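In: coords please:
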Amino acid sequence: MKKASNHIDFIGGSASIACAVHCAILPILFSFGIVNSHHWLANPIFEIIIILFSALFLYLSLWRGFVKGTTSKKILGIACVGLILILTHHFLGQLSAFVVMIGGIMLGGAHFYNYRGHKQKA
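Out: Okay, here's the model as predicted:
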């Protein structure tokens, strides 16, 4: 089960960091005119699906690890704050992409920190 948890942490962390990079770079590409259409990215259903996957990875890896005693409260707290920042941006909409970027980095960082902790224990 440790290997499955490691894979979930790696996938969840990679997806969160990719989301943060996407939120940081896409506005720059729009301003230079390199990307001209993003209708599928602006779709609320697409965003909700991504948020649900983030929450699923958080549950499968970090929450279950916390309940089993393999994930620290600090890691879980960082991930929860990151997810709350992402949710806040999505549902309030007035906050900038910077908030989502910070949330994605926090969530991805928590996954990678948890992944590293599992690797050191193995």
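In: need the strands for the chain, in chain order.
Out: Using DSSP state E, the chain contains no strands.
In: for the helix or strand bottoming out on mean pLDDT in it, packing partners?
Out: Every helix and strand in the chain was compared by mean pLDDT, DSSP states H and E; the lowest is helix 2-32, with a mean of 72. Counting contacts by 3 or more C-beta pairs under 8 Å, 6 or more residues apart in numbering; DSSP states H and E, helix 2-32 packs against helix 44-57, helix 97-121. Just so you know, the C-beta spots here come from the backbone N, C-alpha and C atoms, and that holds for glycine as well.
In: same thing but at 10 Å, please
Out: helix 44-57, helix 64-68, helix 73-92, helix 97-121 (3 or more C-beta pairs under 10 Å, 6 or more residues apart in numbering; DSSP states H and E).
In: deepest of these, which one?
Out: When the helices and strands packed on helix 2-32 are scored by mean count of other C-beta atoms under 10 Å, the highest mean neighbour count falls to helix 97-121 (a mean of 20).
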